[in-house]
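Asks: Need coordinates for the following:
(4 chains, ligands or ions: 4)
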Amino acid sequence: MSEKTTFAQEVRDALHHALSSDPSVLVFGLGVPDPKGVFGTTTDLQTIHGEDRVFDMPTSENAMTGIAIGAALGGFKPILTHQRLDFALLSMDQLVNNAAKWHFMFGGKRNVPVTIRMILGRGWGQGPTHSQNLQSWFAHIPGLKVVMPALASDVKSLLLASIFDPNPVIFLEHRWLHNMQTDVSTVMAPAKLGEAKLLSRGDAVTIVSMSYMTIEALHAVSCLKEQGVEIDLIDLRTVSPIDWTKIEKSVEKTGRLLVLDTGFKQVSIAGEIITHIIETSWQHLKSQPVRLTAPNYSESTSPALTQNYHVRADDIVTKVGEIIDKELNCQQLIDQRSSLHDVPGDWFTGPF
Amino acid sequence: MSEKTTFAQEVRDALHHALSSDPSVLVFGLGVPDPKGVFGTTTDLQTIHGEDRVFDMPTSENAMTGIAIGAALGGFKPILTHQRLDFALLSMDQLVNNAAKWHFMFGGKRNVPVTIRMILGRGWGQGPTHSQNLQSWFAHIPGLKVVMPALASDVKSLLLASIFDPNPVIFLEHRWLHNMQTDVSTVMAPAKLGEAKLLSRGDAVTIVSMSYMTIEALHAVSCLKEQGVEIDLIDLRTVSPIDWTKIEKSVEKTGRLLVLDTGFKQVSIAGEIITHIIETSWQHLKSQPVRLTAPNYSESTSPALTQNYHVRADDIVTKVGEIIDKELNCQQLIDQRSSLHDVPGDWFTGPF
Amino acid sequence: MNKLLAQKLSHSMRRIRTVEETIAERYSEQQMRCPTHLSTGQEAVSAAVGEILRKTDLAVSGHRAHAHYLAKGGNLNAMIAEIYGRVTGCARGKGGSMHLIDESVGFMGSTAIVGGTVPVGVGLGYGLKLKGEQNIAVIFLGDAVVETGVFYESINFALLKNLPVLFVCENNQFSVYTPLEQRQSTTLDIYERVAGLGVMTEYGNGNDVVEVYNKTKNMTEKIRSGGGPAFLQFDTFRWREHCGPNYDDDLNYRETSFIEKWRSDEPIARFEKYAIDTGLLKETEIQTNQIEIEAEVNAAFEFAVNSPFPHADEASKHVFAEQHIKG
Amino acid sequence: MNKLLAQKLSHSMRRIRTVEETIAERYSEQQMRCPTHLSTGQEAVSAAVGEILRKTDLAVSGHRAHAHYLAKGGNLNAMIAEIYGRVTGCARGKGGSMHLIDESVGFMGSTAIVGGTVPVGVGLGYGLKLKGEQNIAVIFLGDAVVETGVFYESINFALLKNLPVLFVCENNQFSVYTPLEQRQSTTLDIYERVAGLGVMTEYGNGNDVVEVYNKTKNMTEKIRSGGGPAFLQFDTFRWREHCGPNYDDDLNYRETSFIEKWRSDEPIARFEKYAIDTGLLKETEIQTNQIEIEAEVNAAFEFAVNSPFPHADEASKHVFAEQHIKG
Ligand SMILES: Cc1ncc(C[n+]2csc(CCOP(=O)(O)OP(=O)(O)O)c2C)c(N)n1
Ligand SMILES: Cc1ncc(C[n+]2csc(CCOP(=O)(O)OP(=O)(O)O)c2C)c(N)n1
Ligand SMILES: [Mg+2]
Ligand SMILES: [Mg+2]
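Replies: Ligands and ions are numbered 1, 2, ... in the order given. Take a look at the predicted model:
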């Protein structure tokens, strides 16, 4: 049996590798060198790489984003971390008016290689301002790349690709993924941003997914397989730019599309994918494309109000059943659930 | 012949009326009391209503949004103006984490009646950071209403509705509309937010549009009419919430949908409308729904690079021709153009 | 200082302490399922400021708001129920520990984004000024708020319009695990930097409830008489971990000597010693008080755990208000 | 002050003035189709700072950046072509007057959002410090920038890390039509408030190029020797309208006496009178200079109007960089 590691540990390994292999890499953010090391993703990095290159910061999200941009223009490759995406709302001016546009508005004279990690909260009373999944916003802005890793085995190569990409990259880490396990591997090759990954093959339906939704989709897919329904499951990995070729090819085969999204429904990435498929693959569609997303309201704090908030594996199975007009059973998925709905697993006992 | 007034003047009249009829109304923003009065939309209001209720502000977009929220909680109805939407990017934290969520996250204990006017720039070298149309962002956030007036005859009632709505309303005024003319009227009835308006009737195609795009659409519709093509033209007026009933009903009739949007294509309101129609009206569709939007890159400064950037009436005619598979002529629309492509009319000679 | 005031301060500090420590004790039951920031050790500031404020003064706060809410007169049952996610909570269970509200006593809301309510408080102050009723707006903030741009924007506007706004900074010298000197230039202390902007300021020992009381009293009077905004810094110390019920001194992010210095001088014992020594309070009175407080707090937890959860339908409610709600 | 320096300062101020006034003259031809903010009247600050900075120092600026770009050594032809929207422009016509860049001389970019480049400059300063080459980052800013939160966040970080950053504030006392006292609490002057935060500051008359030179020289030396960030405020006066080529004094937003005071003391005449009086410069030298400058400026406009527009395809280019571009 191979040794196991976690998603969070893989993030840390990617950061450590980047810092080790390129002296221009900088890592900073609230709590980066603290005892908890941003959920274990930055542990010991300051001790190893020094205070100049790895440091904590003031609660000044907007300026620190601009400082990252300036450092990038000065030849560095900064990686800025926000413990919640929600805090980064303070930095939209620097992100959108400067980072995203610098290369364009100066006619290609310079590029801005910054990576901005933002953690997506969920459950345990994160509530309205600690649980926003605003990938739609970033994907709407020309000049930003947006990465949403799902698999612990993918996150290292995706983060390395983001760090060494010449453009500003928003790297969205779902809090519920940090404890996911994978085999230890020493491969340090960056992925290609903009390439989705086919996680399972099938003719029945194409499911397009991202981030934590992909974990739910994987459960759904195996439950569906047992019932004879084979799924093309595409994990987006990069939600901007989107790997249209892979999605179009799959829909050409299946004629059926279900898109999963961790964000609010209205003006979602899921909607964009459906619209794009309507534009490109209309003639291949056998049924109407469908999306499952978070609803058009915020996640509340009370566990009583988050019970049905998020899309789960059984919802996916049910929706596939509707799409292919077949009675499917998902009781097994519901029975499998070992922990309460508002925690990623029994290991999580609060508070953050 | 009735007397004429302009879109800008109608905005000013709405503000004046609101200030006159409700002592809790406040108007502030950069330049509000200055000699230019925000393109003539705030002229003389300070002189009439006093410095306590109508005032200039520091270049502190984030705090001033929070101050508007605080004033609202204290019983006032503040109207904050940004001369460009782009500047409001500094205030996303206050807008999204506070204004949009206050009512929700305090369990309905209080509402936040703020109106935030943002002007959308275009042309005359506005460039990447003075021309963003980010209605998609606002429409993605639960708790914000988003109004995009098109007609000079509509703007007054829409602004009054926004001011007196109990929720935060983003009111997006396209700079190219300010000089549009309409008949003077003394009606001061607020519109209903969330209600679109059918501007022309027809069976061929449903066109859904917003803000300045509606002006281009009106030209297209009359050119199409001359060629025997009758259009259902729906001016959205409110892009969140969207008047789904009106759009669904029209598509049920026409079976064909073209959506126009002033914003970037990827993750646009246009995409949301198409996806929604796919979800609700799949069985009524005779052809694939289509959108015309700004492209997935920013508006450049050089006039040479904005020539084909925006969707114009003739593009709409051509697209309708594709949808209904009919050769249509739009030369007349091109010939009609009296001013250069980067100004709203000959009256505009720069610089802002 | 008179007897009545001494009683009130002791009672208020003990009440806050008892609430916080009861939360800490019961958090592991896994029924308070939200991030929770306790104020144990920092009670003096809230207690003193709370005694000075009028019900018609308006207050806002941040993530660590239990003490502010209680001291301003917020309903205890509704707060505990809120932390338990019950429909009887002050935000019907939608906001949790970080979103407290009780407008009936002028507690206008606490939110979770650092610095997020600072301009809101200034906007409340603007409204109060227009209404001309000599009420003030109070903004409770931590030392990290002084790093946020919106704080300076808010200060500038408050000065510009000469607003009746009191900024109360509880400097517990840490932001999560990070000491002040890793986040701010500390050549000048916080209050000195704020004074440098032209704001009236005062500085004091946040463990000393009498000092906090006197300095705050003095400053609020200046504000009420039209003196414009003021900023108070009180140094203080948080006993437990930043977020959650435990002690985390084993992580060694704070010097042992530092911890001991602050703990040994803790506000309740310090004040009660003084009050007993000077004859303001009697040991027995304090004990009686404590018993009453414990009964009240236990009742609040009873209330909370016996309250129903909000109905599932509430999840989608309150996105838009249907009408203007009077405060 | 020596002869060479006097010549350079006179030349630099005249060159900036001539460029700005030629733009003003030709703007009505409707070929410079972008918002354009002129620095006529404010030349002294740019000229003096520009003489002091090294090519390897890095500068950023805001919407009113022509003078900063030119003084830092930016290519004149590329700037005029940029304003004309031509492909030979410093940003290939994509950015216009408000987006100037010439990294070959350390002018790292100007942008259109008030305060937007302040943290960028601090980030450049952080990089310079890590590289340890005693270069400094210079941030040009207007008086309105002092109202933005990001300014304070940037100041805090620059102090915290003791960065080699020079903030140069040209206080022309107006933001568009709005005087300082309607935007800021002016009990203390800007530099006094910044000093209050713990920053080294200096204040001077922005019409006096000698004063600007000496105070800036002194401050840059302190910064280079590790003294940390510094803030300079120079009061100055914009002749023309905020944005565009015209005079707008008919709008009466500035007092006539104020206008007359500043215009009568304008920086070029003031300096040249002094330089001639003290024998540093001769009238004839100045005239020869001016003729050369006019020829250079006219040539730049010739270059611009004769340059091609970018090809339509360029509109969609440069959204993403394909590779890292070395500065
Ligand atoms: C804008 C923002 N950034 C980061 C956080 C995460 N965060 C929550 S509390 C906190 C520390 C605040 O410290 P301080 O203001 O000193 O208050 P204390 O916790 O010490 O009472 C931080 C950084 C946040 N909530 N908001
Ligand atoms: C964030 C932001 N708000 C508003 C504007 C509009 N605006 C452009 S220039 C300007 C005035 C800036 O004044 P100042 O900094 O004093 O510079 P000056 O124009 O006087 O040189 C304003 C408000 C903007 N560009 N960015
Ligand atoms: Mg603290
Ligand atoms: Mg100015």
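Asks: contacting residues for the most centrally placed residue in chain A?
Replies: Against the mean C-alpha coordinate of chain A, by Cα atoms, centre = their mean, the closest residue is A:Met148 at 2.2 Å. Neighbour list for A:Met148: A:135, A:172, A:174, A:210-211, A:236-239, A:262 [criterion: Cβ atoms under 8 Å, 6 or more residues apart in numbering or on different chains]. Every C-beta, even on glycine, is put in place using the N, C-alpha and C of the backbone.
Asks: Apply 10 Å and report the result again.
Replies: A:Met148 makes contacts with A:120, A:133, A:135, A:138-139, A:158, A:170-174, A:177, A:209-214, A:235-240, A:261-262, A:269, as judged by Cβ atoms under 10 Å, 6 or more residues apart in numbering or on different chains.
Asks: Show the contacting residues for the residue in the stretch 151-300 of chain C positioned nearest to ligand 2.
Replies: As assessed by Cβ to the nearest ligand atom, ligand 2 sits closest to C:Glu153 within the stretch 151-300 of chain C, at 11.3 Å. With Cβ under 10 Å, 6+ apart as the criterion, the residues that contact C:Glu153 are B:57-64, B:66-67, B:90, C:115, C:118-119, C:122, D:147-152.
Asks: confidence score at the residue nearest to the centre of chain A?
Replies: Reported pLDDT at A:Met148 in the predicted model: 98.
Asks: Quick check: phi and psi at it.
Replies: Here is the backbone geometry of A:Met148 (degrees, to the nearest 10): phi -130, psi 90.
Asks: ok, is the helix or strand encompassing A:Pro78 in contact with chain B or not?
Replies: Using DSSP states H and E, A:Pro78 maps to strand A:77-82. No. Figure legend: strand A:77-82 not in contact with chain B (Cβ under 10 Å from any Cβ of the partner chain); closest approach 12.1 Å.
Asks: you'd agree A:Lys145 is up against A:Phe138?
Replies: Yes. With contacts counted by Cβ atoms under 10 Å, A:Lys145 reaches A:Phe138, the gap being 8.7 Å.
Asks: The two: which is more packed in?
Replies: A:Phe138 (28 against 24; other Cβ atoms under 10 Å in any protein chain shown).
Asks: For the helix or strand harbouring the more buried one, list every residue counted as buried.
Replies: Secondary structure from DSSP H and E places A:Phe138 in helix A:135-140. Within helix A:135-140, the residues that count as buried by 16 or more other Cβ atoms under 10 Å in any protein chain shown are A:135-140.
Asks: Now pLDDT and distance to C:Lys215 too, for those residues, in CSV please.
Replies: Output for the buried residues of helix A:135-140, formatted as CSV (pLDDT from 0 to 100; distance: Cβ to Cβ, whole Å):
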residue, pLDDT, distance to C:Lys215
A:Gln135, 98, 48
A:Ser136, 98, 48
A:Trp137, 98, 44
A:Phe138, 99, 46
A:Ala139, 98, 51
A:His140, 98, 50
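Asks: With distance to chain C added, can I get those residues in CSV?
Replies: Output for those, formatted as CSV (distance: Cβ to the nearest Cβ, whole Å):
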residue, distance to chain C
A:Gln135, 20
A:Ser136, 17
A:Trp137, 17
A:Phe138, 19
A:Ala139, 23
A:His140, 21
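Asks: Adding distance to D:Asn218 as columns, could you present those residues in TSV?
Replies: Converted to TSV, the buried residues of helix A:135-140 look like this (distance: Cβ to Cβ, whole Å):
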residue	distance to D:Asn218
A:Gln135	50
A:Ser136	51
A:Trp137	46
A:Phe138	45
A:Ala139	50
A:His140	48
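Asks: Return the member of those residues nearest to ligand 2.
Replies: The nearest one, if we look at the buried residues of helix A:135-140 relative to ligand 2 and count by Cβ to the nearest ligand atom, is A:Trp137, at 18.9 Å.
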